[in-house]
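Asker: what's the 3D shape of this:
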Amino acid sequence: MTRSIPPTRPTLAARFTASLCALALLGSSGWAQAQPQGAASAPEPAPAAQNALPALGDSVSDDLSVGTERRIGDQIMRAIRQDPDYLDDPVLLEYLQSLWQPLVAASRAQGNIGGEIDQRFAWEPFLVRDKTVNAFALPGGYVGVHLGLIAMTATRDELASVLAHEMSHVTQRHIARGMVNSRRQSLIGLAGMILGVIAATRSTRVDGANAIFTGAQAASVQGQLNFSRDMEREADRVGFNVLTGAGFAPGGMAAMFEKLDQASHLNDSGGFPYLRTHPITTERIGDARQRLGTAAPVPPVSVLAHVAAQARARVLMDTRTDALRRWQSQDQVAATASVGERLNAAYASALASTLLHDWARADAALQVALGVVRGSPRSDATAEREVVMLQAQSLAERGDGPRAGQVLKPYLDAGATPSRAVLLLQAQVALASPKADPAVKRSADDLQTWTTLHPTDALAWQQLSRTWEQLGLQLRSLRADAESHYAVGDLTGAVDRLRAGQRLARSPGGKVDFIDASIIDARLRDLEGQRRRQMEEERRQEG
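Answerer: Model prediction:
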């Protein structure tokens, strides 16, 4: 469920930074704040909000309405989702969501998220396959997290503190506040410019030279991309309240600042972009430490779940064979190592061995990892679940569907609705099972229900397409494949797949379901209409 990245291509982080720097070069001083490390939103704080915003005036709403900001964010995300550095790893994303959702709930409870912004913004974190330590927010409530950030944090509280800080840049409307004095640029034009630069930087032809030049320009205006000190202080203060309100240890933010401060003293050579857009000062560290005395103590939480997520992020940062071999060798860790070190090494070795198809070594490392989490004095069901899901993934990838199904069975029969990660892993298990296995039909039904509720889940549609194909339902498979293309913004690809389904339904002697054929006809008319409107809008913008 992961993809390798061509090592010679520029990273998404570099391309996106170039895009936003180019935006700044257009001359909109307010949009100079529109960089990956902070995006705007347009909240309507509740009367009881503890962190009420200053009055921004009608100009903010005029320049950047909530609806417009969401549309800009959606446009950017459509491009990002087609990028090879965008990573939809259900297991790691589920862990990230387990930190993100309590922060969103706490921000709502404190009045930072409310009204139209609550309903219209995405509030969606996503993963970027990049080794650097960074996180960034986009218009419309999207927040990207580099795998390098997960890999360097030692606890869930440190990672949550960064998420809380970025969320606070969004809820406090820091970009919108920077845009008050800028009304010259068309917002739709700016969004189109961002997408244009992203498209150019992904080109392997002459356009690539333009992208490189844009990147060089980006370096010269890096200083323009930093939030003001007042905005950083505000994000620290609001983020700290959100962090502690969500039940995370208050020391997480101070610990994270201290780590970043250490990195800055070691002369960061590019691995910590977060330091350049969020400079760590002694004042900020002192403020974070001072706030510790105002927060209620939090009961200690096992770090093993974070250790497993950290190991997964480290391996998935670079899936080239040489890198995987290095992680595989971690199974030689000394027996005297700490519990966390042994779990980290065993999990990393098991995942690397699975990706290398070295099944015997994967099984040995998985047994060590399971022994660590089950034998730990402080039981951690979440950590055990992460290891068990890796075990099921490993068995499914070698084609052993029945054993993988048995491993996963407790999480499917628990009574509650399975999580996205479990559903997608169930699909992977079903694809490794015989067609007649009831697990295949169950997986198709569960994914059909999921995609009805989450129609923009590209990976779920992709897995559903493969499952329908295994069951011999080709028309349904083509329709699901079309929806997977549409979910990542590939409107042309979606139309092509629906047309293929239409041809199949009309072929002589074809045995297809009339209802399936009707759904494809209706969906094709809808998407062709969308494509016509899109082309008309592009022509208007060019004119």
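Asker: Got the phi and psi for Thr281?
Answerer: The phi/psi pair for Thr281 (degrees, to the nearest 10) reads phi -110, psi 160.
Asker: Looking at it now. What's its pLDDT?
Answerer: The model reports Thr281 with a pLDDT of 76.
Asker: ok, it to Glu232 distance?
Answerer: Computed as Cβ to Cβ, to the nearest Å, the Thr281 to Glu232 distance reads 9 Å. Backbone N, C-alpha and C define where each C-beta goes, glycine included.
Asker: residue contacts, Tyr486?
Answerer: Ala494, Leu527 (Cβ atoms under 8 Å, 6 or more residues apart in numbering).
Asker: The same query, at a cut-off of 10 Å, please.
Answerer: 78, 455-456, 458, 461, 493-495, 497-498, 523, 526-527, 530 (Cβ atoms under 10 Å, 6 or more residues apart in numbering).
Asker: Now, of the residues you listed, which are buried?
Answerer: Arg78, Thr456, Ala458, Trp461, Gly493, Ala494, Val495, Arg497, Leu498, Arg523, Leu527 (16 or more other Cβ atoms under 10 Å).
Asker: so which strand or helix has the residue nearest to the fifth one when sequence neighbours are not counted?
Answerer: Going back to what we said before, that points to Gly493. Excluding the flanking residues, the one nearest Gly493 by Cβ to Cβ, 6 or more residues apart in numbering is His485, at 3.7 Å. In the assignment (DSSP states H and E), His485 maps to helix 474-487.
Asker: I'd like to know which elements the following helix or strand past that helix is packed against.
Answerer: Sequence-wise, the next helix or strand downstream of helix 474-487 (DSSP H and E) is helix 491-506. On a contact count with 3 or more Cβ pairs under 10 Å, 6 or more residues apart in numbering; DSSP states H and E, helix 491-506 meets helix 474-487, helix 514-542.
Asker: Check which residues of the longest one are buried.
Answerer: Think helix 514-542. Neighbour-count burial for helix 514-542, counted by 16+ other Cβ under 10 Å, picks out Asp516, Ala517, Ile519, Ile520, Arg523, Leu524, Leu527.
Asker: measure Gln75 to Gly529 for me?
Answerer: Plainly put, Gln75 is 19 Å away from Gly529 if you go by Cβ to Cβ.
Asker: same question, Arg506
Answerer: Distance, Arg506 to Gly529, by Cβ to Cβ: 21 Å.
Asker: next one: phi and psi at Val145?
Answerer: The phi and psi values for Val145, taken as degrees, to the nearest 10, are phi -130, psi 120.
Asker: Not counting residues beside it along the chain, what's closest to it?
Answerer: Ala135 (5.0 Å).
Asker: ok, now Ser329?
Answerer: Ser349 (7.3 Å).
Asker: which residues sit in contact with the one you found?
Answerer: Applying Cβ under 10 Å, 6+ apart, we find Ser349 in contact with 311, 315, 324, 327-333, 358, 361-362, 364-366, 368-369.
Asker: Would you mind giving me the ChimeraX syntax to select the buried ones in those?
Answerer: Applying 16+ other Cβ under 10 Å to the contacts of Ser349, the buried members can be selected in ChimeraX as follows:
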select :311,315,324,327,328,330,331,333,358,361,362,364,365,366,368,369
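Asker: circling back to that earlier point, so which strand or helix has the residue nearest to Ser329?
Answerer: Using DSSP H and E, the element containing Ser349 is helix 339-355.
Asker: Would you check that Thr382 makes contact with Tyr411?
Answerer: No. With contact defined as Cβ atoms under 10 Å, Thr382 does not reach Tyr411; the gap is 12.0 Å.
Asker: sorry, back to before: my read: the residue nearest to Gly493 touches Ala500, true?
Answerer: No. Counting by Cβ under 10 Å, His485 stays clear of Ala500, with 11.5 Å between them.
Asker: what about the two, which has more around it?
Answerer: Between His485 and Ala500, His485 has the larger neighbour count (other Cβ atoms under 10 Å), namely 23 against 17.
Asker: ok, the more buried one - contacts?
Answerer: Contacts of His485 (Cβ under 10 Å, 6+ apart): 82, 458, 461-462, 465, 491-498, 527.
Asker: if I look at it, how far off is Arg539?
Answerer: Applying Cβ to Cβ to His485 and Arg539 gives a distance of 23 Å.
Asker: which stretches of the stretch 51-200 of the chain have low pLDDT?
Answerer: Counting by pLDDT under 70, the ranges of the stretch 51-200 of the chain that qualify are 51-64, 175-200.
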